[in-house]
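Student: Sharing a model that was predicted from the sequence below.
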Amino acid sequence: MKKMLQFLQVIAMLSASIGMTQEKGKHELLRGANFIETKVYSPEEDAQILKLYEDLRVADVSDGMDMVGLPGVGLVDPAIHADWVDHENLSHQFRGIAVTARYVPTQRPDRPAAGEDFSQWEGNFYTRYSSEAFTQLIKPGTVVVIDDVEEKDIGSIGSFNILAWHKLGAVGVVTDASARDTDEIAIEKVPLYLRHKGRGIRPGRNELESVNRPVVIGGVLVCPGDMVVADGDGVIVVPRAVAEPVAKFAREILNKDKAGRKNLYESIGKPLDRTLK
């Protein structure tokens, strides 16, 4: 009975968060219409959620999603994986709040007009069509989530811009497509989860469609403000409406796991590692 009540509460929260489809007039639909609201959270609300997720693992959070009645929800395609892994300090892991961007294939010419300077054309394309407008929303605790053009060889993320996002406060980056300069990104130690390596630049290949709207990454809906957790097991997205109860269950699971593993370590004389402290 208790679990059924929890499940019904989760459904109610999700319905309130996403909202029911609203009737829109033909004129409004002709101009394009959004049906999922982008919710805005205060710095205090974000700080509270970030605190709840400190040190939680993807596995713990996945179990927490099961316990609130959302089994399998939020588990990103495992093909989206860590670009680099730090087994000593676990610095490839992150827990953060989603800021989203969506890039789509461009229909514009993929090269300058005859006689046009390449650098000028490239700069104009970046500025007008394929910008990084989402950087205005990055703050400490942000995860940059980029829905990009998987089928094309585009290095939308590179060692320069990812470090700039990190400087603004981004704790990690997730994309369903590619990044380039991945050797340097690994040296910089900015957490990055991607589908494959890329090499090309954005001009002539993609353009920015939206910022802070719902996107799909590895088969999973990501709404701005959702909680994103990533480690060696992959990436999981927690709908903001259920972030608190999921964290509560995940914390209980983690604490039990740590206690059990600590006993095993001590029984065989194995020194405790950082995951048990």
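Tutor: Okay, I see it. Residues are numbered from 1 along each chain as shown.
Student: isn't His196 right next to Asp176, touching?
Tutor: No - His196 is beyond contact range of Asp176, at 10.0 Å (criterion: C-beta atoms under 8 Å). Backbone N, C-alpha and C define where each C-beta goes, glycine included.
Student: Neighbour count: these two, which is higher?
Tutor: Asp176 (24 against 14; other C-beta atoms under 10 Å).
Student: ok, now which ones touch the residue nearest to the more buried one when sequence neighbours are not counted?
Tutor: Closest residue in space to Asp176, ignoring its immediate chain neighbours: Ile217 at 4.6 Å, by C-beta to C-beta, 6 or more residues apart in numbering. Listed by C-beta atoms under 8 Å, 6 or more residues apart in numbering, the contact set of Ile217 reads 76, 80, 145, 147, 174-176, 235, 237.
Student: ok, now with 10 Å
Tutor: Contacts for Ile217 (C-beta atoms under 10 Å, 6 or more residues apart in numbering) come out as 76-77, 80, 98, 100, 145-148, 174-177, 193, 195, 228, 235, 237.
Student: swap in Leu208?
Tutor: 101-104, 106, 126, 128-134, 146, 156, 202.
Student: how about 7 Å then?
Tutor: For Leu208, the contact set (C-beta atoms under 7 Å, 6 or more residues apart in numbering) comprises 101, 103, 129-131, 133.
Student: Out of the contacts of Ile217, list just those in helices.
Tutor: Counting by DSSP state H, no part of the contacts of Ile217 is found in helices.
Student: which residue ranges form the helices in the stretch 151-277 of the chain?
Tutor: Along the stretch 151-277 of the chain, the stretches classed as helices by DSSP state H, counting those that start in this stretch are 159-168, 182-188, 243-268.
Student: which helices and strands does the last one pack with?
Tutor: The elements that helix 243-268 packs onto, with contact taken as 3 or more C-beta pairs under 7 Å, 6 or more residues apart in numbering; DSSP states H and E, are helix 43-52, helix 58-67.
Student: Can you get me a residue count around Phe141?
Tutor: Actually, residue 141 is Gly. It isn't Phe. Other residues near Gly141 come to 20 when the count uses other C-beta under 10 Å.
Student: how many other residues sit next to Asn161?
Tutor: With neighbours defined by other C-beta under 10 Å, the count for Asn161 comes to 17.
Student: From Pro109, how far out is it?
Tutor: To Pro109, Asn161 is 24 Å away according to C-beta to C-beta, to the nearest Å.
Student: pretty sure Leu194 contacts Thr175?
Tutor: Yes - taking contacts as C-beta atoms under 7 Å, Leu194 lies within contact range of Thr175: 5.2 Å.
Student: which one of the two has more residues nearby?
Tutor: It is Thr175, of Leu194 and Thr175, that has more neighbours when counted by other C-beta under 10 Å, with 26 against 23.
Student: and that one, what is it in contact with?
Tutor: The neighbourhood of Thr175, defined by C-beta under 7 Å, 6+ apart, consists of 146, 148, 157, 194.
Student: Contact partners for the residue nearest to the third one when sequence neighbours are not counted?
Tutor: Distances taken as C-beta to C-beta, 6+ apart put Ala179 closest to Ile157, at 3.7 Å, once the chain neighbours are dropped. For Ala179, the set of contacting residues under the criterion of C-beta under 7 Å, 6+ apart consists of 83, 155, 157-158, 185, 192, 194, 198.
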